[in-house]
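# Okay, here's the prediction I keep looking at, along with the sequence it came from:
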Amino acid sequence: MLGCKTCEGVQNPEDYKQYCYECIEGYSFNLTDEENRYGNCFISTFEFDGYFENNGYYEKCDDNCQKCSKRKTNCTECKTNYYKRLNGDDYCYEKQTDEYLTEDNKLDKCYDNCETCSKKGNELKNNCDKCKSDFHFYKNEQNIINCVQKPPSDNYYLELGNDTFCKCYERCDLCDFQGNETYHNCKRCHINYYKIPNNEINCYTEEEIDKFEIYKNYYPNDTERKIKKCHESCATCEEGGNDEETKCKTCADGYVFIKLPNNIINCVIEETLLDIYPNYYKTKDKNDYDIYYQCQEYCATCIRGGNEIMNNCSSCIEGYKKLGLINCIKEGEEIKNTAIIDG
């Protein structure tokens, strides 16, 4: 029998079956014939898809191999939808979501930030078709679209429809949606821009806000990037104040500046000022605004500011008495310098 080294029986011309126990050198059993796998001997160079010759026997290749050689995982040809990996072994793999096919039909890994891709990427140019979880598309200043976890600054929002970080309107530092000239859609304004009351989406410059008459007694708060109301005593201010320190730039109608003993200048109601501060007198400041200053320390009332030599008192505090027209002297104290009596 052709190919047999030892056998039993004779060749049956009708079914062409040989009953070989051992093949001669150069021949192997056909292990593809599950029913009669040890019956026939074939030339060892004869190829069966899915099998390889191993020491006189044809053994089955791995399931991923269409053809293999010498061992079952040494694929010489891959089954449909299976591929060898670039710079890898000779095994055939099913394509994973984070792999792509090279020009020579081999699998290679996408860049780390990609969930899917169609070509090789790197840190400068990711080439992702889809970003991996917690990463999103972002177009940089070179117009290259990469996948990042966070944009380079806060003035970007995530456009969920295309999974892309998009830049906010130019007046925004923070936003949730794209804005335009009419509707800025800012959550927080960019530096030197401020929100106004009853408008939580737009941001304005100080010059633009100054055109609104109703916001004259507001000031720009750089921390919150919005305008805030001055103290009620102010017509204008540059920062927020309180009853202890009003911090007015100009006073509101009916209010006037007063310089307090702690050197704080506040705005107070002028009508009742002298009831509360009787030892003050009225004059003009360097900007020609009315302002009240405290009289010399010995005066209960005065007409203008004084000093140790010329008190300028119109009345004296308790425990002091008039000395001449403008000065006050402590009761019981001797006059040491008569020259100051009449100023």
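That came in fine, so what should we check first? Residues are numbered from 1 along each chain as shown.
# any idea how far the residue nearest the centre of the chain is from residue 188?
In the chain, the residue lying closest to the centroid (Cα atoms, centre = their mean) is residue 154, at 3.6 Å. Using Cβ to Cβ, to the nearest Å, we find residue 154 at a distance of 8 Å from residue 188. C-beta coordinates here come from the backbone N, C-alpha and C atoms, glycine included.
# now swap in residue 63 and tell me
58 Å.
# between the two, which one's more packed in?
Using other Cβ atoms under 10 Å, the more surrounded residue of residue 63 and residue 188 is residue 188, with 17 against 10.
# and residue 62, that's in a helix?
No: with DSSP: H, G, I helix; E, B strand; the rest coil as the criterion, residue 62 is located in coil rather than a helix.
# can you pull the contacts of it?
68, 72, 73, 75, 91, 92 (Cβ atoms under 8 Å, 6 or more residues apart in numbering).
# For residue 222, grab the count of nearby residues.
Neighbours of residue 222 (other Cβ under 10 Å): 11.
# tell me the pLDDT at it?
Predicted confidence (pLDDT) for residue 222: 95.
# which one is it nearest to, not counting chain neighbours?
Take residue 222 and drop its neighbours on the chain: the residue closest to it by Cβ to Cβ, 6 or more residues apart in numbering is residue 191, 7.7 Å away.
# Residue 50 too?
residue 61 (5.1 Å).
# quick one: contacts for that neighbour?
Residue 61 sits next to 50, 51, 52, 67, 68, 72, 75 when contact means Cβ under 8 Å, 6+ apart.
# Show me the shaky parts of the stretch 201-343 of the chain.
Low-confidence segments of the stretch 201-343 of the chain, defined by pLDDT under 70: 334-343.
# Now do the strands in it.
In the stretch 201-343 of the chain, the segments counted as strands under DSSP state E, counting those that start in this stretch are 218-221, 226-229, 234-237, 248-251, 255-259, 265-269, 280-284, 290-294, 299-302, 313-316, 320-323, 327-330.
# what pLDDT, on average, does stretch 171-189 get?
On average, stretch 171-189 scores 96.
# Also stretch 152-161?
Mean predicted confidence for stretch 152-161 is 93.
# now it: how far from the chain's centre is it?
8 Å (Cα atoms, centre = their mean, to the nearest Å).
# Of all the residues in it, which ones are buried?
155, 156, 157 (16 or more other Cβ atoms under 10 Å).
# ok, the last one touching residue 173?
No: with contacts defined as Cβ atoms under 8 Å, residue 157 does not count as touching residue 173, sitting 11.5 Å away.
# shared neighbours, those two?
With Cβ under 8 Å, 6+ apart, residue 157 and residue 173 have no common neighbours.
# returning to that earlier point: the residue nearest to residue 222: what's it in contact with?
173, 222, 225.
# Look up phi and psi at the spatially closest residue to the last one that is not a sequence neighbour.
Think residue 225. Excluding the flanking residues, the one nearest residue 225 by Cβ to Cβ, 6+ apart is residue 189, at 3.9 Å. The phi/psi pair for residue 189 (degrees, to the nearest 10) reads phi -80, psi 150.
# what about residue 189, how many residues close to it?
With other Cβ under 10 Å as criterion, residue 189 counts 22.
# And residue 181, by the same measure?
For residue 181, using other Cβ under 10 Å, the count is 9.
# ok, now how distant is it from residue 171?
Counting by Cβ to Cβ, the gap from residue 181 to residue 171 is 9 Å.
# Is the residue nearest to the centre of the chain in contact with residue 172, as I believe?
No: if you go by Cβ under 8 Å, residue 154 and residue 172 don't touch, sitting 9.1 Å apart.
# where do the contact lists of those two overlap?
residue 188.
# Only C-alpha atoms, please: export stretch 165-183 in PDB.
Extracted as PDB, the C-alpha positions of stretch 165-183 are listed here (Å, rounded to 0.1, in the frame of the first residue of the first chain):
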ATOM      1  CA  PHE A 165     -14.500  70.300  24.800                       C
ATOM      2  CA  CYS A 166     -15.600  73.600  23.200                       C
ATOM      3  CA  LYS A 167     -14.500  77.100  24.200                       C
ATOM      4  CA  CYS A 168     -16.800  79.300  26.000                       C
ATOM      5  CA  TYR A 169     -17.800  82.800  24.700                       C
ATOM      6  CA  GLU A 170     -14.800  85.100  24.900                       C
ATOM      7  CA  ARG A 171     -16.300  87.000  27.900                       C
ATOM      8  CA  CYS A 172     -16.600  83.800  30.000                       C
ATOM      9  CA  ASP A 173     -14.200  82.100  32.400                       C
ATOM     10  CA  LEU A 174     -16.800  79.300  33.000                       C
ATOM     11  CA  CYS A 175     -19.800  78.100  31.100                       C
ATOM     12  CA  ASP A 176     -22.000  75.100  30.400                       C
ATOM     13  CA  PHE A 177     -23.100  76.000  26.900                       C
ATOM     14  CA  GLN A 178     -21.900  77.900  23.800                       C
ATOM     15  CA  GLY A 179     -22.600  81.600  24.000                       C
ATOM     16  CA  ASN A 180     -22.900  84.400  21.400                       C
ATOM     17  CA  GLU A 181     -22.900  88.200  21.400                       C
ATOM     18  CA  THR A 182     -26.500  88.400  22.600                       C
ATOM     19  CA  TYR A 183     -26.500  85.500  25.100                       C
END
